[in-house]
Structure formats: C-alpha cells, structure tokens
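K.L.:
based on what follows, work out the 3D shape:
(2 chains)
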Amino acid sequence: MKLAGIKSVENAHDESIWTAAWAPATETRSALLLTGSLDETVRFWSSDELNQVGTPSGGHALGVVAVAAHPAGFLAASASLDSFIRVFDIDSNSTIVTLEAPPSEVWGMQFDPKGTVLAVAGGGSASVKLWDTSSWQLVATLAVPPPEGSRPADKTGSGKFVLSVAWSPDGRRLACGSMDGTIAVFDVARAKFLHHLDGHYMPVRSMVYSPVDPHVLFTACDDTHVHMYDAERKGMIGAMSGHTSWVLSVDASPDGAAIATGSSDRTVRLWDLSMRASVQTMSNHTDQVWSVAFRPPSGTGLRLGRLASVSDDKSISLYDYS
Amino acid sequence: MASVYIPVQNSEEEVRVALDQLPRDASDILDILKAEQAPLDLWLVIAREYFKQGKVEQFRQILEEGSSPEIDEYYADVKYERIAILNALGAYHTYLGKIETNRREKEEHFAAATDYYNRAARIDPYEPSTWIGKGQLCVARGDLSKASDNFKIVLDTDPNSVPALVAKACIEFNNGENEDQYKKASESYKSSLELFKKALQIYPGCPAAVRLGIGLCRYRLGQFEKARQAFQRVLQLDPENVEALVALGIMDLQSSEVHGIWKGTEKMQRAFEIYPYCAMALNYLANHFFFTGQHFLVEQLTETALAVSNHKLMKAHSYYNLARSYHSKGDFDKAARYYMASVKEINRPQDFVLPYYGLGQVQLKLGDLRSALSSFEKVLEIHPENCDSLKAVGHIYVQLGQNDKALETFRKAARIDPKDAQAFMELGELLTSSDAVAALDALKTARTLIKKGGEEVPVELLNNIGVLYFERGEFEFAEQTFKEALGEGIWLSLLDGQNSVMDPSAYSVLYKDFTLFHQLEENGTALDLPWDKVTTMFNYARLFEQLHDTEKASILYRLILFKYPEYIDAYLRLAAMAKARNNIQLSIELIGEALKIDDKCPNALSMLGNLELKSDDWVKAKDTFRAAKDATDGKDSYATLCLGNWNYYAAMRSEKRGPKLEATHLEKAKELYTKVLMLRHGNLYAANGAGIVLAEKGQFDVSKDIFTQVQEAASGSIFVQMPDVWINLAHVYFAQGHFALAVKMYQNCLRKFYFNTDTQVLLYLARTHYEAEQWQECKKTLLRAIHLAPSNYTLRFDAGVAMQKFSASTLQKTKRTADEVRSTVTELKNAVRVFSQLSAACSSHAHGFDEKKIETHVGYCKHLLDAAKVHCEAAERDEQQNRQKLELARQVSLAEEARRKAEEQRKFQIERRRQEADLKQAIQQEEHFERVKELWKSSSNTSGNKRRDRDRTLGDDSEGGHGDRKRRKGSGKRRRKDKKSSRYEYEEEGEMEDEHEKAEEDDAHANDQDDDGAVRTQDQLMAAGLEDSDAEDDMAPSNRKRRAWSSDEDDDEPSGRHHDLSPAGRKEDSAGSDPDDARDTEMRDEMHEPNMGAGDEDDN
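P.N.:
This next block holds a predicted model:
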C-alpha cells in the first residue's frame, strides 16, 4: 500500500485552494477533479494529466469553501463564504439553480450515494439542511441537539456550529461534525437524531464513512487525531495520531483498506487500516492541505487508484494509490 | 671437635679445652686463664665460643674480666688483643642498645659501647676495627653521616677493609632509600653497589649478606635479572636466607603472571616456615590470602607482622592489609581506622600510596567527602595519572557541586585512558547541562567501549543518550536508543497496536483508563515494568508525544501509572495531552489525580491554574498559582511567572479598564517578572513579560530591544517555542507604523509556529493591512481567518468592514476606471450580503452584534452601492466619452490626412506640422489618463491620503446628489485619544456633530463591541501557558539518572498567555461620529486587540 506522485500543478488557482471533489466519469468523459479556491472560482481538471478542462466557473463570492459532485457525474454543487450554493452542470458549466437557506451559512456538502439528496452543513444554524436534487427544494432540516451529559459551557454562545457531513454508503445514516468536536448521527429516513459520538473537543472539519462497512466512520479533527468510530453502536474503535497540526480532511480509499488525510502540517498521510498506523507521509505541499480525495472507481478500465490533494499553496497534486 | 689449648705457665704442657664442652660456670675457665696467664687471644676465642652458644652471660663475664684494669696492667704490651676485647664488648653493647626498646636503657648501652670503643682507641688510635665498631655504633644510633665518616677513616688507611666496605655500602644503600630524588637515590645505589662488589672481590668468601646487598642494589637500580641472580646465589650459599627468599618472592609476585605469583607465594611460605617473624613475608602472605579471600589468615598474619616489626613502612603495609580485609568485608569504620593507622606510619606517601586510596574510598563510603577528596588528592600527587583516583575525585566534585572542577578531572581521566567507559559516562553526564554535543559524544564513546568490552550497556546510559538525541531533535536515533534501553517487554506488543479493542464507551476518559491493563492481567499476561526502566519508558513516551504519536505515548504513560501509580509526571503529561486536545474536563481530572498523590506539587498546581484560566475561573486560578508559588517558597520561577501573567491579564481584561486598577496590575506583573529575572537571568518568558509591560506603557524602543533579544535566544532550542515574542515584536512594529515589517513578522510567525492556522494572528495581520490601507490583502486575510474559524462571526463583520472601506476609498478617488468601479460595486454587494447575513444570524444567535448597528452598515453600504452605481455609470460614460474623443481625433486626423493627400504636393511642410500637433494632443490625453491611474494606485498606499480621500468621497457623495445627509469634513476634529495610551489603539475618534441620530447607535454598538471583545478575550485567553510538566525524572530511582529534560523545566515554562487581547473595551465618549469613522473605530476594535501574547503553552 503506497502513494506515488504522478503530477502536480503549481498555481492551479490564483489563491489558496480550499476544496476538491471528484466528479465520477460519465459515458462521454472520464472522471474530473473539481477544485474550489479563495480566488472565487471552481476549476475542472482532467485526470492524470491535470489539464484544465473548460473555463473556470465563477459566480462565487468570498472564496469557495466546498464542492460536491453528484454520483452520476453530471452535476456538481459548490458553496462559498457568501453562503450561496450554486448547482451547475459540469460539462456545460451552466448554473442550474442557486440555493440558500438564510440565515444558515454553508460549509461541508455531500450528495447522498443515490444522488437524490444534497446534505449541507449549516454552520451556525446548528443543523444539516437536506435538499431534494430533483426539485431543489429544502426537504428537511436536521437539527443537532446539545449533547447529553455535562460539558463545559460553550463560550462562543453560538451552540453547535456544524462544519461537516458524511453519508453512510447505504445512504441510511448521516453524520455531521461540529466546531466543538461533537459528532451527531442521524437516521435519514426518519429524519431522526440517533446519538452523539464523543472524543473530539476541537473542530471536526471532515468525515467519511468506510465504503465497505457502513458502521465505520472516520473523522478528521483539529486535535491532530483521526478517530475511527462505530457510528452505529456509538463506540470508538481507534484513534490515530501522527499529524503535527490540524487534520483538515479525510477520505477513504475505494477498497476500504486505507484512508488518506490532509493536514495543516502541510502533509498528506496514508493510513493502513489493518495496522491503524500511518504508512506514508507526502510532504510535497508547502502549505496547509485542505482537501484530499480518492477518485471513485467508476467508469471502464479506470480501476487505478488515484488520490488528489489541494493546498493553500495554490497547487494540486495527484498520486497513484496502489 | 675444635679445642683450644691453654699453655700451662712455665711448662710445655697445655690444657686442652674442648669448645663444645665449656663449663657452665665461666669462672672455672677464668680461673684457669688467669692462673696460667693465658694469651689474651685465647680469652677472646673462649668468649666468642660462649657467645656462639648463646651463653651471653659467660661471654660478658670473660670479656669484662679480660678488659679489667689488672689485665691492662699485666698485658700492657699486648695491644691488639686488648683492643679486640674492648671492641667485642663495644659491639655487644651496640647490639644490646639496638634491640633495646626502653629508651633509657638503650642510651645506657650505647654509652657503655662508646666507653669501650674510646678505651680501645686510647690503646691504639689507628686500629681500624675500632673505627668500624664506632661506625656501627653510629649506625645503630641512626647517625649515618657520622658512621660514614668513621668508615671512611678506616678505608683511608686500609682501602680493602671488607667490614668497612660493607658497612659503607649499607650506609649508601640506606641513603638511597631515604633519598626523595630518584637521580640522587640511584647515585647512592650505584656507589653502594660498587662498594659491595669491591668487598666481594677482596673477600670472595664473604657472607651471603654481601651478595644480598648487591641484589638489593641491583633491584633498586632496576636491573631485575641481575638482582635475581644475586639473590639466587645468596640462596645457594645460604638456603635459609629469609631476606633473599622474600626478595625473590617479591620479584616473582611482581611478575603478575599466574605462575610467578604462585612461585612467589611459595617462596614467601618457605621464608615464613624458616623464620615465622619476617614482617615482609608475613605481609606478602597476608596479601595473598586477602586475594584468596581467607580473611582470618590475613588478620593473623598481619597481627604477627605488626608485632614483630617496627619498621614504619612494614607496619603501614600490615595495617593496610588489615584495613583492606575489613574494607572488603564491608566494615567501613574499622577499615577507616586501619587505613588511617597505615597512613600514619607512612612518612612519605610515595613509598606506599595504596592506603590513601583505600582511605579515600572508605571515607567516600562514609560520606566524608572533604577527607576523601584530600586522600585521593594525595594519591594524585604521586600518581597524577591514576584514573581511578581521578574518577573518584571527579565524583566527589560532582557531589560537592563543583562541576567545573569535576569536568576538568573527568576530562583528564578520559584523556589518560581513552578506553575507560566509566570516565566517559561521567563526563557525558556532567556535560549534559552545558554542552549537549560533547556530552552526547562522550556517552556514545562510553557505549561503544562497553559494547566492545562485551558487557551489557546500562539502561541509564542508553536513556541519557536517547535524551540527548531527543534534545537535539534527532528523533530517530532517540527512538532507537530508547528501544534498545527498554529491551524486550510487554510494551512492545502494546505499542504494536495489537492491543485491539478498547472499551468504546470509555473513550472520553481514555487517558485515565486502565481497563486495558487489567484485562491483559486477567488474561494471564504479565505486565512487568522493571523500576530501572520507568524513566526510559517515560522518555520514550515523551518522544512519541514529540512525534505526535500521542496514542502510543498515552499507552506508555498509562502503563507507567498502572505499575507505579505515584509517578506524578505521567499524570501531568496525560493531562497536557488532554489539554492539547481541548479536553479540559479530563485534563483537570488527571491533574486532580496527581494532586491526590502530592497536593503540593508545584507543577501540577501551575497546570491546574492554567486550566482554570482557560475555563475562565480567574479567582480560582489566582489562588492555585499562589499555592504553587508557596509550595516552592517562591523559588519556582514558573509559578511566579504565572502570577505575573495573571496580573497582566487582569490588567488587560477588566471591561471597565479602570486606569488605576490597570496600573496596579501592571505594576504587580512587572514586579513579578523582575523577580523571576533576578532569580534566573536567562528566563525568556519573564523577559518577554517585562517587555510587554514596557510596551504597555508605551516604551516601544526598549521593549523592542527586549523582544528582539528574546527572539534570538529562543531560536536556539527545539524545546523553546515562543511565537509570542514574534507577535509582540510585530505589535511593536505595528504600533510604530512600520506596517511592512509588522506584516512580515506576523506572516513568519504564522508560518513558523502555527502552520498558518492561528486566526488571532491572521486578525493582527488583517489589522495591519487595514492600517496600511491594503484593502484586498486585508479582505483575503480575513477570509482565510473565517475559513479557519467558521464560527467566529466577528471576522465576518471585519471582512464586511474591509470591503466597505475598500469600496468607499475607491469611490473617493477622483479618477477611476469603469472596471474599478464595477469591482467596487461587487464588493459592496458582498459587503451588503455579509452584513445582512450577520443581521439575520443575530436573530438566531447571540454573538454580540447589535442588530441595529449592522443594519446601519447595511444601509450605508446600500447607500454607497447606489452611489457607486451612479459612479459606475459616470465612469462608463467617461470611458465612452474618452473613447469617442479618441475616435474623433482619429477621424479628424484621417480627414486631415485625406485633405493632406489632396494637397500633398502643395502644403507639405505646413500640414506636417499640424499633424504633429494633433498627435501630440492625443498622446497627452492618454498620458494623463495613465498618470491618473498611477495616482490612484499610489494613493491607496499612502495613509496620509486617507483622510483627504474620505473627505473627498463625502464631497463626491454630495455632488452625486446623495448628499441629503450632509457631512462636515471634520477631519480637524479627529484626535488621538492619547490618554488611552494603549499602544496599539490608534483610534481616531472622529466626532461629527451633524450625525446626531447616529450617535446613539454608535454608542450602543460600541458597548456591544465591548462585550463581545470581552467574551472573546476570555475565550482566547489561554492562559498562561502551560504546564511544564516536563520536570520529570525527579523520582528516578538512581541518582545516575539525570532528570530527563531538566532544561525543559526551566525554560519551558510558559509564561504567558497566548494572545490576550485586551478587550477592546473602550468607553467611548463617543459624542457621535461620522458613520464612516465610527466604522473605522469598530473595525479597529475588532482587529486590533492589543495583545502581546506572552509565552504560549508548550506542552511540547
């Protein structure tokens, strides 16, 4: 299990790159990497060559904080600090709809595995908003209740501040992570809050379910740790430490054997889940690595593992994962 | 059988006297001698025979009779025999005197001997034998030089006098023995040797003693082979010669070979059998039995030796043997007594230095360092290169705290014997505090030597090497070394991650969860952790922490605590780790555990104080710090420092900012910092704190110096992380208006210490950009900060203000392009969006903003937006016009050209001039355009333009027809609020009387801001740094182990708080301000928390 650098693009954006996501391959083209940046654009990159495809897509203000691609590969959503979500057609780069749910701002976003719902972390609204992807109507607001048990009073006074969301591979569960480290798990079908997962006390900026086990959730936290939870039974399976600074992003490899993390410490780490240890550290970035993403294994003949990372240093790196 | 024949007077007959049948009563013989008037030589023969048979009384009786006055008279002409008799008596008394121990009687004997010799001399002053006798008397009395004179007289008259030669040789030999200087001594031995040789040549049949003398001389001269031959010859002549046996025995023993020692011992035994009272043989035998461990024999032999000898050196040897025997049996008191006795017998330490060494050892053992030191120094006087003594002396210096001397000593020892692992080890340990590189080298050498010697490297040594690697940041080596030190053990499998599932529900208390170990024990796995490995294990865990492998670190700490629940430092580290992960509750609980073990532990108390500060428990924190300080009698600079920081925060935080209270707290803080500095001149955190207080008082130059020095000092160690001093330096630059420098400093600090993740520093950076009117940078910086801290709405507000400011300043320019104006419009829309969102968020959360205030901003931005739209149109119109003008000019010139072509031939010269003029005009216009652009750019960089620009904007506004609210250009009213003195607050409070309606709102808002600021203050006040829980090894079981990171302890203490923001609280007397200005001020409030962060926590 290892990563090997394939290609890097310096100055891929004019400013820090904050987010990245893979749009799965469609019948007409292979998978594309979508990146969003402080320079207020979302750009598209062909895989392996990392050539820019199409024109940068504008329509954002104040920096793009999240992009999410629809599992079918045609659609994508991007969100910026101005709290608008722009849903657009990837190939034509035309805006389909602009969503907002004031006063909630927008942080993490994720389409459910079937592509029928877009879940959006609602920041200070302490809730996750669910949008129907056919009508583009707000279908549900999952509010995060205060955690049970005593915990030092929150001094920001803003309650839960929801930062990140993750869908379980079967689409039945949704987890959301917040500023103070609590993770809430919801039963989506019943729109019901199930429980909290304890262990983090700092912002959880990224989460991902294992693609092979719908119980297992990986969380990346500012406390420099990656936790591995049994999200169903409210248990913690393990904690992995090694990063020197905040862990900003986590993604699970399609085979479920590894996870990759990006950190403020400027590195990308690969973790072998059987050993629960970091097996490789890539230090090619020169600033915080805001996002890491494994390419989905869709399409024909494209079974090769690929991992992309984007960073504050304005560069994109692509690695071979094998 | 030999007989003498006494001639019968006046006859031819003789009386035969069988020498072995001398009558018991000497009077019988005397009667015959007298009666027959026997020749005096017969008297002598008979007397000598009695002497030989041990009948001393009869011997004396005959000789005394033979030297009586009647005999003198009767035999007046028989000189030689009379002299011989007198000399014999003299020699006899000399001998008696020599062996007599009673001083008075001794003198009497010597006096008698003198008397006899004098009588003999009166008979014949030149008789050599008399002189020899006198000489021997002098020897017996110890007057060697006089004796030598006497013998010389003999030799002058008869150079071949064997007795004189031998006697003189003996004297020379003794001279040699007593001579300190080697050269002179060997001169003496040489002349002694010559004399012995001569005696042997003259009289080859002389007694074995002469050859013995030769042997001794040669031995002393280092000619061991020849000496050996001489001794062997003695033994051939006299197989029972004890001296020769002993001498040969010594030589055998000194061969240091098993065979030699065996032979030597055998010879000693024979000598002992021949003559059980030879002290030398006794001593050597005792020595032998000491090594074979037969202490009982040692004591017996040495006691005998002591009884039979009064030779000082011999006694010293005997006492030494005895002392050594007790020493090895562990009876140090007795050993010390006998060593002392031995030392007392020694006149010159160079003769026999071993007892000094033994004495030193015993004194060391008994804790009498000073005496031990002088004993070892005695040894070193004689053997300056003796490594064992050097090491002992070094060790004593260490215990006496004289590290420099100790260092010197161990260096010397290591130089003398580069194979002495012990010396290198000690050297390394000593150097650790002063010169880590040299220390590491020394320890590594020691390790190599020990390994070469095939021995097992001690855990302590490996531990120390590991720590040194650790401190130098060579973590891989450190890890290898610690692993080697720990060896095999349960920890290996624990670290392997094979420990499988932990109870998932227990994770929130993970750091104090021992179920894992209980389970293992229940499963029959033995959890052994030898005590000598605890320290290493702790260090190993620290290493994991440093490598950010906190999970492994936590397992090791917990294992330590499981086996050794008293190990406070492990609790502290676990607490620090919990704190780093923001799990304050758990951290406090762990500290509680530590305090249960020792409620006075200053480290635990300090850390608890910090935690309390972090959870905003001010009063408690102060008490805790006080307790910590008291627990160390104020000697612990960390606790003092914390109190200093506490006072500083207190000065900065109070919402009301009573100037008096502030001054009091600042003064107190300064006092505490100064106290720490007095205690430890090198305390960076205290220096930093002092710099802050100075800066607080506006003495920027001094504080800048201090910060710069601290910064330099801090850059030397991987364990000292002082981002705060960078921030403080940047603050000073900022306060002095060096914005570019401040920006650089903030950026470097962010990058170097925070991985660009600290929003507070980003805020400072944005603030600096703002002051420098670099609006775009300011905005970008704030957006990054928002991205890092999404829940900090204040940052959004600031970003909104930055955009608003940018737009306003662009619009204020007299000339701008349509593009610029268009981007301004965009920014304004964004600003409106941001403010509207904030306003909306206000309704759902209480994050400290006054809704109305935001509304005001929204309104203002919208207003600007409208204005901008007009501007935009105007600019576009201008642009259009410009283009049209250019087009026109071009058309004109085209027309001209057409005309020119028509009239080309005719008006060539004139036309050309005209054409040039037209072109020039066009160019000028363009140039003008460029210039204006330049002007815009530059104006945004010069702060001096700011006010003017703003005024102009307002003017523009009015012109633009939106000036329904008239603004006075009230720049004159702005003033610096110097009385606020806060170094960083350049608030210019503009007062615009016109804006009465706004005044109220502003006021209200200002208050809100205050509250907000305060809230954040508390939030971010991560109090005084940290736990310096690094003081660890105090409890290390062996005094060998040094405290692992003692430097940590001293330097790491964090002092200060992180960024304390002094609450932007200002009770403005805002008599209302121009909205623009008001916003300015708010912006500053937001961005500008004066913060000098002092030391951060470094739970490194």
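
K.L.:
give me the nearest residue to A:Asp187, chain neighbours excluded.
P.N.:
In this structure, A:Asp187 finds its nearest non-sequential neighbour in A:Leu194, 5.5 Å apart by Cβ to Cβ, 6 or more residues apart in numbering or on different chains. C-beta here means a position set from N, CA and C on the backbone, and glycine is covered the same way.

K.L.:
does chain A sit close to stretch B:820-838?
P.N.:
Yes. Using Cβ under 8 Å from any Cβ of the partner chain, stretch B:820-838 comes into contact with chain A via B:Thr826, B:Lys829, B:Asn830, B:Arg833, B:Val834, B:Gln837.

K.L.:
pull out the buried residues from that stretch.
P.N.:
Neighbour counts using 16 or more other Cβ atoms under 10 Å in any protein chain shown place B:820-821, B:823-825, B:827-838 of stretch B:820-838 among the buried residues.

K.L.:
any low-confidence regions in the stretch 51-200 of chain A?
P.N.:
A:147-159 (pLDDT under 70).

K.L.:
quick one: the strands in it, in order.
P.N.:
Under the criterion DSSP state E, counting those that start in this stretch, the stretch 51-200 of chain A contains strands at A:52-57, A:64-69, A:75-80, A:85-89, A:95-99, A:109-111, A:117-121, A:127-132, A:138-143, A:162-167, A:173-178, A:183-187, A:192-197.

K.L.:
between the first one and strand A:64-69, how many degrees?
P.N.:
So the one you mean is strand A:52-57. Per axes from the mean of the first three to the mean of the last three Cα atoms, to 10 degrees, the angle that strand A:52-57 makes with strand A:64-69 is 130 degrees.

K.L.:
which elements pack onto strand A:52-57?
P.N.:
Secondary-structure packing of strand A:52-57 (3 or more Cβ pairs under 8 Å, 6 or more residues apart in numbering or on different chains; DSSP states H and E): strand A:42-46.

K.L.:
ok, now the last one?
P.N.:
In this structure, strand A:192-197 makes packing contacts with strand A:183-187, judged by 3+ Cβ pairs under 8 Å, 6+ apart.

K.L.:
Provide the secondary structure category for B:Pro204.
P.N.:
For B:Pro204, the secondary structure call by DSSP: H, G, I helix; E, B strand; the rest coil comes out as coil.

K.L.:
can you get me a residue count around it?
P.N.:
B:Pro204: 8 surrounding residues under other Cβ atoms under 10 Å in any protein chain shown.

K.L.:
what sits closest to the closest residue to chain B within the stretch 1-150 of chain A if chain neighbours are left out?
P.N.:
Proximity of the stretch 1-150 of chain A to chain B (Cβ to the nearest Cβ) peaks at A:Pro103, 3.4 Å away. The shortest distance from A:Pro103 to any non-neighbouring residue, by Cβ to Cβ, 6+ apart, is to B:Ala840 (3.4 Å).

K.L.:
and the buried residues of stretch B:820-838, which of them are in helices?
P.N.:
B:820-821, B:823-825, B:827-838 (DSSP state H).

K.L.:
geometric centre of the chain: which residue is closest?
P.N.:
No chain specified, so I'll use chain A. In chain A, the residue lying closest to the centroid (Cα atoms, centre = their mean) is A:Ser206, at 5.6 Å.

K.L.:
that was the other one, I meant chain B.
P.N.:
The residue lying closest to the centre of chain B (Cα atoms, centre = their mean) is B:Ser433, at 1.6 Å.

K.L.:
these two touch, right, the residue nearest to the centre of chain A and A:Gly108?
P.N.:
Yes. Counting by Cβ atoms under 8 Å, A:Ser206 touches A:Gly108, with 7.3 Å between them.

K.L.:
list residues touching both of those two?
P.N.:
Contact with both A:Ser206 and A:Gly108 is made by residues A:Ser164, A:Gly177, according to Cβ atoms under 8 Å, 6 or more residues apart in numbering or on different chains.

K.L.:
pick out the residue of chain A closest to chain B.
P.N.:
Nearest to chain B, among the residues of chain A, is A:Gly235, at 2.6 Å (Cβ to the nearest Cβ).

K.L.:
which residues does that residue bridge with?
P.N.:
Beta-bridge partners of A:Gly235, counted by DSSP bridges, are A:Asp230.

K.L.:
quick one, grab the pLDDT at it.
P.N.:
Reading off the confidence values, A:Gly235 has pLDDT 81.

K.L.:
so what's B:Ala2 closest to, chain neighbours aside?
P.N.:
Using Cβ to Cβ, 6+ apart and skipping the chain neighbours, the partner closest in space to B:Ala2 is B:Leu19 (4.8 Å).

K.L.:
chain A versus the one you found, what's the distance?
P.N.:
107 Å (Cβ to the nearest Cβ, to the nearest Å).

K.L.:
which SSE is B:Ser682 in?
P.N.:
Quick fix: residue B:682 reads Gly, not Ser. Under DSSP states H and E, no helix or strand contains B:Gly682.

K.L.:
right, and it touches B:Val710 too?
P.N.:
No. Using Cβ under 8 Å, B:Gly682 is not in contact with B:Val710, being 10.2 Å away.

K.L.:
show me which of those two is the more surrounded one.
P.N.:
More neighbours surround B:Val710 than the other of B:Gly682 and B:Val710, with 27 against 10 (other Cβ under 10 Å).

K.L.:
any idea which element the more buried one lies in?
P.N.:
helix B:700-714.

K.L.:
run through who's touching that helix.
P.N.:
Contacts of helix B:700-714 with the rest of the structure, by Cβ under 8 Å, 6+ apart, involve B:682, B:684, B:687-688, B:690-692, B:694-695, B:720-722, B:725-726, B:728-729, B:732, B:735-736, B:983.

K.L.:
check stretch B:222-241 too.
P.N.:
Applying Cβ under 8 Å, 6+ apart, the contact partners of stretch B:222-241 are B:207-208, B:211-212, B:214-219, B:243-245, B:247-248, B:251, B:274-275.

K.L.:
switch to 10 Å and redo it
P.N.:
Outside stretch B:222-241, the residues that touch it by Cβ atoms under 10 Å, 6 or more residues apart in numbering or on different chains are B:186, B:189, B:193, B:196, B:205-221, B:243-252, B:254-255, B:267, B:270-271, B:273-275.

K.L.:
which of those residues are buried?
P.N.:
With burial judged by 16+ other Cβ under 10 Å, the buried subset of the contacts of stretch B:222-241 is B:186, B:189, B:193, B:196, B:206, B:208-221, B:243-252, B:267, B:270-271, B:275.

K.L.:
in CSV: the strands of the stretch 51-200 of chain A, plus mean neighbour count and distance to B:Ser27.
P.N.:
Output for the strands of the stretch 51-200 of chain A, formatted as CSV (neighbours: other Cβ atoms under 10 Å in any protein chain shown; distance: least, Cβ to Cβ, whole Å):
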stretch, mean neighbour count, distance to B:Ser27
strand A:52-57, 16, 145
strand A:64-69, 26, 140
strand A:75-80, 26, 144
strand A:85-89, 19, 149
strand A:95-99, 15, 152
strand A:109-111, 24, 141
strand A:117-121, 26, 139
strand A:127-132, 22, 142
strand A:138-143, 16, 143
strand A:162-167, 26, 134
strand A:173-178, 26, 132
strand A:183-187, 21, 130
strand A:192-197, 17, 128
